[in-house]
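S.K.: structure here, sequence nowhere to be found:
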């Protein structure tokens, strides 16, 4: 493995194909979110799940906007493909208030635009790192 690989070198060709095929209007910000998520933890792998860019370590834990979600960039965080009864709520530090909890093991982050993503980049990384650790 070459030490000069970038995070975008880790982008999945299946996800690239999906985004190109759907000509996703949020492609630029989705690619930025992909880079942030993949750069948050070395064990994260990207793939297609639920017809969207999704991320896993040993199990799926995050999904980005699918082809029908085109209004705002969004990350859905979860504890896997099926509910496991884990309680993650309150275990993930979120000093910037980015998480909107949808249940004990699901949350979403809705970002306004690319500028907001850049401004919240470090907070997003910290949330992803913590999520991977607790899941």
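M.R.: Sure, I can see it. Please read these numbers as outputs of a predicted model, since none were measured by experiment. Numbering: from 1, shown residues only.
S.K.: in stretch 90-110, what counts as buried?
M.R.: 92, 94, 98-99, 105, 107, 109 (16 or more other C-beta atoms under 10 Å). Every C-beta, even on glycine, is put in place using the N, C-alpha and C of the backbone.
S.K.: make that stretch 72-82, sorry
M.R.: 73-79.
S.K.: what is the nearest of the residues you listed to residue 41?
M.R.: Using C-beta to C-beta, residue 77 comes nearest to residue 41 of these, at 13.1 Å.
S.K.: in what helix or strand does the closest one lie?
M.R.: Per DSSP states H and E: residue 77 is located in strand 74-78.
S.K.: cool, and residue 130?
M.R.: According to DSSP H and E, residue 130 maps onto helix 121-134.
S.K.: may I see the buried residues of that helix?
M.R.: Neighbour-count burial for helix 121-134 flags 123-124, 126-128, 130-132 (criterion: 16+ other C-beta under 10 Å).
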